[in-house]
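> A structural model of the following input is requested.
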Amino acid sequence: MKKVDLAYMAGFFDGEGCISLCERSKRKRQLRVHISISNTNEWIIQWFKFNFGGSVTSERKQLKNPNWRDTWRWNITSGAHSVRFLKEILPYLRLKKPQAELAIAFQVRHSQIGKRIKSETAILDTADRILMKKLKGG
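The predicted model follows:
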């Protein structure tokens, strides 16, 4: 992919995107990296999916209010896809760079989970989740 495209994607993601650490399931309390972008331009959302995988969903806002535009959301929940995306746009990110670095470190740690004690991983996951909220201004 061209550097100019990655830079554009990073700028778009800085403004419209979201990086979260979400629970996989309430029962197991395992966290995962979740990346999403919402926008009213379907083409740009499909472009992200075409280049980095994931899924696209739509929300028909006009059913609620005729003045609202429909929106599309691109999501990545796969660890490998999310890390690839974040690593490729990382040099061009400004606002979300600390969040991206945290998400990459989180995912790398989880790819080596067999080498760690589960309680240690749970403590680090909780710390990462708190830090991610702080980085997002929460």
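> correct me, but Lys136 touches Leu102?
No. The criterion here is C-beta atoms under 8 Å, and Lys136 misses it with Leu102 at 10.4 Å. C-betas here are computed from N, CA, C, even on glycine.
> more neighbours, these two?
Counted by other C-beta atoms under 10 Å, Lys136 and Leu102 do not tie: Leu102 has more neighbours, with 19 against 13.
> tell me which element the more buried one falls in.
In this structure, Leu102 sits in helix 97-111 according to DSSP states H and E.
> could you say what helices and strands that helix packs with?
strand 17-23, strand 31-39, helix 79-89, helix 118-135 (3 or more C-beta pairs under 8 Å, 6 or more residues apart in numbering; DSSP states H and E).
> what residue ranges in the protein are flagged as low confidence?
24-29, 61-65, 112-119, 138 (pLDDT under 70).
> one more time with 90
Applying pLDDT under 90 to the chain flags the ranges 1, 21-32, 59-70, 77-81, 106-138.
> Endpoint to endpoint, stretch 72-86 covers what distance?
End-to-end distance of stretch 72-86 (C-alpha to C-alpha, to the nearest Å): 20 Å.
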